[in-house]
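Student: give me the fold of what follows.
(one chain, ligands or ions: 1)
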Amino acid sequence: MFEVLDAAAARVALARRALSCPDCVGALRPWGRARPRTVRDVGEGILTVRPDRARCTACKATHVVFAALLLPHRVYTVRFVGHHALVAAARGQGRRQIAAEFGAPPETVRGWVRLARCRAQELRALSIHVVASATEALPARVLG
Ligand SMILES: [Zn+2]
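Tutor: Numbering: from 1, shown residues only. A predicted model of the protein is given here:
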């Protein structure tokens, strides 16, 4: 499995064999689809997704092309966890209140909040990197 930001763009790149194998850097080619997954997204959204699979032309390994929106082995999207649970926790809401409000088990919400707190420095550094990269891509006239 490897993550991509844009699954549609990755599908095009895969068809052109422009993606490299994460194991050996050989070219990947399309190899069908993975099993369907149903995940909960923001709002009342339920998404059913079926990620692409790829096979390396060199080492023959197969990989699932996993959209970064999804969390491996989880039924909630990154948007759901971040937008609902982590923002609410940062505003001071408790896990039971968050769980009741968004319809997720309290133990699950507690796990999300604990993990985010444990990785706070990593998340902070990543956020700064994303903002800095986006700012560098903007024309100077937009920045003022
Ligand atoms: Zn390979």
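Student: which parts of the longest helix along the chain are buried?
Tutor: Ranked by residue count under DSSP state H, the longest helix found in the chain is helix 120-137. The neighbour-count check on helix 120-137 (16 or more other Cβ atoms under 10 Å) flags nothing as buried. Glycine gets a C-beta too; all of them are placed from N, C-alpha and C.
Student: please state the offset of that helix from the chain centre?
Tutor: How far helix 120-137 lies from its chain's middle: 16 Å, per Cα atoms, centre = their mean, to the nearest Å.
Student: hey, C-alpha coordinates of it in PDB?
Tutor: The C-alpha trace of helix 120-137 is given here as PDB (Å, rounded to 0.1, in the frame of the first residue of the first chain):
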ATOM      1  CA  ALA A 120       1.500  17.000  18.200                       C
ATOM      2  CA  GLN A 121       5.000  18.000  17.400                       C
ATOM      3  CA  GLU A 122       5.000  15.900  14.200                       C
ATOM      4  CA  LEU A 123       1.600  17.300  13.200                       C
ATOM      5  CA  ARG A 124       2.800  20.900  13.900                       C
ATOM      6  CA  ALA A 125       5.900  20.500  11.800                       C
ATOM      7  CA  LEU A 126       3.900  18.900   8.900                       C
ATOM      8  CA  SER A 127       1.400  21.700   9.100                       C
ATOM      9  CA  ILE A 128       4.100  24.400   8.900                       C
ATOM     10  CA  HIS A 129       5.700  22.600   5.900                       C
ATOM     11  CA  VAL A 130       2.300  22.400   4.100                       C
ATOM     12  CA  VAL A 131       1.600  26.100   4.700                       C
ATOM     13  CA  ALA A 132       5.100  27.100   3.700                       C
ATOM     14  CA  SER A 133       4.900  25.000   0.500                       C
ATOM     15  CA  ALA A 134       1.600  26.500  -0.400                       C
ATOM     16  CA  THR A 135       2.900  30.000   0.300                       C
ATOM     17  CA  GLU A 136       5.900  29.500  -2.000                       C
ATOM     18  CA  ALA A 137       3.600  28.400  -4.800                       C
END
